[in-house]
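*Asks:* can you look at this prediction? I've put the sequence above it.
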Amino acid sequence: MKAKVEVDTCNNRKPNGLGITSLVLGVMGMLPAVILAPPGLIVSIPAVVFGALQRKKNPNGIATAGLVLGIIATILCGIGALITFLFVGSAVVAASI
């Protein structure tokens with residue numbers, strides 16, 4: 001008697017490339033969020049865009065996680081950029097006095 005073996009061929013799964021891209025960019029945007037704001041913004045804004053596109057096509061957890069991480073990273077990078085510009089601006093004003 002032979003045992004029946006079922007193989008999952010993954011044919012029922014939809015492609016999730018944008019969701020994975022969004023998740024990776026969201027994580028990468030979180031790393032330099034406050035310290036290096038411009039590179040963080042360059043990475044986190046596409047994470048939001050890719051996450052939103054993927055959620056329109058096929059809403060799933062990976063796309064949602066990438067979208068949320070991208071939004072949080074964008075907010076943190078904005079705060080980091082604001083703080084950086086305030087410190088640099090105050091240093092320039094203090095140096096000119």
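*Replies:* Noted; the coordinates are in hand.
*Asks:* contact partners for Met91?
*Replies:* Slight slip there: residue 91 is Ala, not Met. With contact set as CB atoms under 8 Å, 6 or more residues apart in numbering, Ala91 has no partners. Every C-beta, even on glycine, is put in place using the N, C-alpha and C of the backbone.
*Asks:* what segments of this structure are helices?
*Replies:* All helices of the chain, identified by DSSP state H, fall at 17-30, 37-57, 61-96.
*Asks:* the shortest one: how far from the chain's middle?
*Replies:* Right, helix 17-30. Centroid separation for helix 17-30 versus its chain: 5 Å, with CA atoms, centre = their mean, to the nearest Å.
*Asks:* same deal with stretch 19-33?
*Replies:* So, by CA atoms, centre = their mean, the centroid of stretch 19-33 is 3 Å from its chain's centroid.
*Asks:* same question, stretch 46-53
*Replies:* Distance, centroid of stretch 46-53 to centroid of chain: 8 Å (CA atoms, centre = their mean).
*Asks:* what sits up against that stretch?
*Replies:* Residues outside stretch 46-53 that contact it (CB under 8 Å, 6+ apart) are 18-19, 21-23, 25-26, 28-29, 63-64, 66-71, 73-74.
*Asks:* show me the shaky parts of the protein.
*Replies:* Counting by pLDDT under 70, the chain has low-confidence residues at 1, 5-13, 34.
*Asks:* what's the closest of the helices of the chain to Ala3?
*Replies:* Ala3 sits nearest to helix 61-96 of all those, at 33.5 Å, using CB to CB.
*Asks:* so how far is that closest one from its chain's centroid?
*Replies:* 14 Å.
*Asks:* skipping its backbone neighbours, what lies nearest the residue positioned nearest the centre of the chain in space?
*Replies:* Taking CA atoms, centre = their mean as the criterion, Gly26 is the residue nearest the geometric centre of the chain, at 1.7 Å. Spatial nearest neighbour of Gly26, excluding adjacent residues (CB to CB, 6 or more residues apart in numbering): Leu69 at 2.8 Å.
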